[in-house]
Every structure is written in C-alpha cells, then in structure tokens.
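Visitor: Here is my input; please provide its structure:
(one chain, ligands or ions: 2)
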Amino acid sequence: MHSQTFTLFQLGWRLSYSHDLTLQDFEAGYPARVVGVHRNALSVLSARGAASVILSAAVEPAITVGDWLLLEMEAPRVLRLLARQSLIARIAAGSERRLQPIAANLDTLFIVTSCNDDFNLSRLERYLTLAFEAGVEPVIVLTKADLCGDVGSYLDAVRTIAPAVACVPIDATSTACAEPLAAWLGGGQTVAFVGSSGVGKSTLANTLVGSAARVTGGIREGDARGRHTTTARGMFALPSGAWVIDTPGMRELRVGAVETGMNAAFDDIERLAAQCRFHDCRHQGDRGCAVEQAVAAGTLDGRRLANYRKLQREAAQAARSTKERREHDRHYGVLNRHAQRLQREKKGRDY
Ligand SMILES: Nc1nc2c(ncn2[C@@H]2O[C@H](COP(=O)(O)OP(=O)(O)OP(=O)(O)O)[C@@H](O)[C@H]2O)c(=O)[nH]1
Ligand SMILES: [Zn+2]
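Guide: Numbering: from 1, shown residues only. Ligands and ions are numbered 1, 2, ... in the order given. A predicted model of the protein is given here:
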C-alpha cells in the first residue's frame, strides 16, 4: 500500500510514547503504527517500511487503527500495545454494549457540519463530548459556507456553546479550504472526521488529498490510486504529511455520553452547579438551584440544559448496562464451569 518509508516523527510518534518503553523493549523490538485492521492481520508502518502482522488468538483483540505497537525485531509479531494518547471508542451495537476501540492516538477530531439544516447545537454538543472524552482536540468545520449568505450567525451560534473551540467555515469543494485547516494538518498529525451524512466529509478528504497533490507536482493528478486513497479503510497520508483515519467504525460512530467528556463540554453548567445551594442538587425544581436560575435569567440556554440532562441519562444508562453485562458474564461463567465439571465427572464415570 505505502511504498515509501516514513520516519517515526512522520508517522506521528511522540516523545511520550518512549516513556512507555524500557531499554530492553528497544533491544527486543521496534515501534510500528497500525494503519489497517483486517480479520486476521494488521497493516503497519514503521521506519522499516510497510508490513503485515498476523493476528494470533493470543494477541490483544482490541488493537485499532492508529495504535502504536512494539513489534518483535526478528519476526513481525506484536510484543506490546503502547499506551494510547487518545482513544475514540464506541458502545458496540447489540445487547452486549461493549466498548469497542475505533481510532487511537488522534490529535484532532474535525466535527463536520454544514451551514444549513444539518446545523444542530445539541448534536454538536454530543460530538464535543465525544472528543473531550477521547482526549482529542475538537475543531468544528462548517462546510457549504459558499452556499450560505450568513456564515456569521453560524459562527455566533457555535460560540455560545463552545467559545474555546476553533470553528472554521469552508467550501469543502475548493482547494482553498486546505489553508485555514493547515494548523491541524501538519506532518505527523493524525485527524479524523465525524458528522452526519452529506455534510461533506468525503468531499473534504478528497479535496485535501487532491489539492496538495497538485501543489506537490501533480503526481496524483488524474491517478485513480490517488482518489482511491480516501475510500481505503484505515489510516492514509495526506500529501501535507498528516494522517486521516477513515474506517467504517468512524462513520458509524454512535455518540454516547460519558462523564469526563461532559465535564469539559458543559463546563459552564458544571461551574453553575457548584453554586447550587445543595450539593446533591438535581437542577430540577430544587431550591436554590443556580443552574435553573441561570436559565430563568437568560444566561443559560434551556435547550443546552435539556441536552445536558439527556446526555447524563444516556451515560447513566450505558454505565448500568455495562454493569449488568458484567454480572451476566460472571453468572454465565459460574454456570459454564459447573457444567464442565459435571461433564468431566460423567466422563470419569464412563471410563
Ligand atoms: N458547494 C458545496 N458543496 C459541498 C460542500 N461540502 C460538500 N458538498 C456537497 O455535498 C454533497 C455531499 O458531500 P459528501 O462529501 O458526500 O458528504 P459526506 O459527509 O461524505 O456524506 P457520507 O459519505 O454520506 O457520510 C456532495 O454533493 C458535495 O459536493 C461545500 O463546502 N460546498
Ligand atoms: Zn442545581
């Protein structure tokens, strides 16, 4: 897939990963980054070039795109999964509700929405929560700005919910959009896109691949492989040297809510809550509630509070399901061991 070799820095290596490695580790193995996850194998890139690592049952099953691994010096075998700097995980579909890693070691999450009916503050709050929970810097990308007569009002609206988050209006179809996003697309930086269908995620990725290709001498211009890159599943390099993680998991991300992310995404509400008269205030008709007073005074949007409550309920629900699952597993494990013992005893009698 990638014929070039990359330096560790180009692959997104950070000094902090070295802190996770001992001298023995460096003697026994070398770091490699996961760029593709297949049923039985991983595609990795390292300073040695591209390699395929066969997954054995013994290997950690939760390795995901973007992960850094320590590979054995002699054969491409996984010695260890290095501690992640950030991780986007989702609650797996189905009744089990396991946390499934989707993308690791991202620097930036581009939250993509358009300057039209797709624009929805509650959805943005969800994505912001997700980014903060994952430990990734969010950047809000407002596409279709070229079709909108009043981009300023969208920027103002974003400012009311996330004054500290960068918000960049663009025309995703124009190569000019690479410039305002350049700060997050430097060499060795890793990004991913989230957003509803039709907001321009693919368009933006294609433009970023295409525009820079043209700048760097047209190597990819008209080359079918260049186009193909953006639809490949996994992690691919932009000509700017940044990495984009684009996997089915990323596209199907269901935005759940989790506490750490909520504290960051709703820090204004958290700060108000600290001023409520009772420290166990539920902010629902409780006496001396600073949060509800702020809504009454018009300094806090009632919609935002309602969304906060909704995400809190979902987080509580998810936590409950995880606990129930653990109890179910434990119960099932006991039953299973019991059945196995009965079978062994029966066998013993048969001999
Ligand atoms: N004028 C204009 N059109 C845009 C812009 N961004 C996206 N589009 C158009 O919107 C349509 C949908 O864009 P896509 O890139 O397919 O959207 P997506 O987010 O990848 O959608 P999914 O693949 O369904 O998740 C395409 O026809 C794009 O050309 C923009 O900034 N300006
Ligand atoms: Zn309160």
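Visitor: which non-adjacent residue is nearest residue 196?
Guide: Excluding the flanking residues, the one nearest residue 196 by C-beta to C-beta, 6 or more residues apart in numbering is residue 118, at 5.5 Å. (C-beta placed from N, C-alpha, C; glycine too.)
Visitor: Now for residue 151: which residues touch it?
Guide: Contact partners of residue 151, counting by C-beta atoms under 8 Å, 6 or more residues apart in numbering, are 115, 142, 145, 169.
Visitor: which one of the residues you listed is nearest residue 160?
Guide: residue 142 (14.4 Å; C-beta to C-beta).
Visitor: just checking, residue 124 touches residue 139?
Guide: No. Counting by C-beta atoms under 8 Å, residue 139 is not a contact partner of residue 124; they are 11.8 Å apart.
Visitor: pretty sure the residue nearest to residue 196 is in a helix, no?
Guide: No. Under DSSP: H, G, I helix; E, B strand; the rest coil, residue 118 falls outside any helix and is assigned coil.
Visitor: That one: what's it in contact with?
Guide: Taking C-beta under 8 Å, 6+ apart, we find residue 118 in contact with 195-196, 198-199.
Visitor: Please report how far it lies from residue 41.
Guide: 37 Å (C-beta to C-beta, to the nearest Å).
Visitor: Tell me which of residue 124 and residue 139 has more neighbours.
Guide: Comparing residue 124 with residue 139 by other C-beta atoms under 10 Å, the one with more neighbours is residue 124, at 23 against 19.
Visitor: I'd like to know which elements the helix or strand containing the more buried one is packed against.
Guide: Using DSSP states H and E, residue 124 sits in helix 121-134. If contacts are counted by 3 or more C-beta pairs under 8 Å, 6 or more residues apart in numbering; DSSP states H and E, helix 121-134 sits against strand 87-91, strand 108-114, strand 137-143, helix 151-161, helix 259-265, helix 302-350.
Visitor: Model confidence for residue 217, exactly?
Guide: With respect to pLDDT, residue 217 scores 32.
Visitor: swap that for residue 301, please
Guide: Reported pLDDT for residue 301: 96.
Visitor: I'd say it and residue 160 touch.
Guide: Yes. Using C-beta under 8 Å, residue 301 is in contact with residue 160, at 6.9 Å.
Visitor: Looking at those two, which is more packed in?
Guide: Per other C-beta under 10 Å, whichever of residue 301 and residue 160 has more neighbours is residue 301, with 15 against 11.
Visitor: Show the contacting residues for that one.
Guide: By C-beta under 8 Å, 6+ apart, the residues touching residue 301 are 160, 295.
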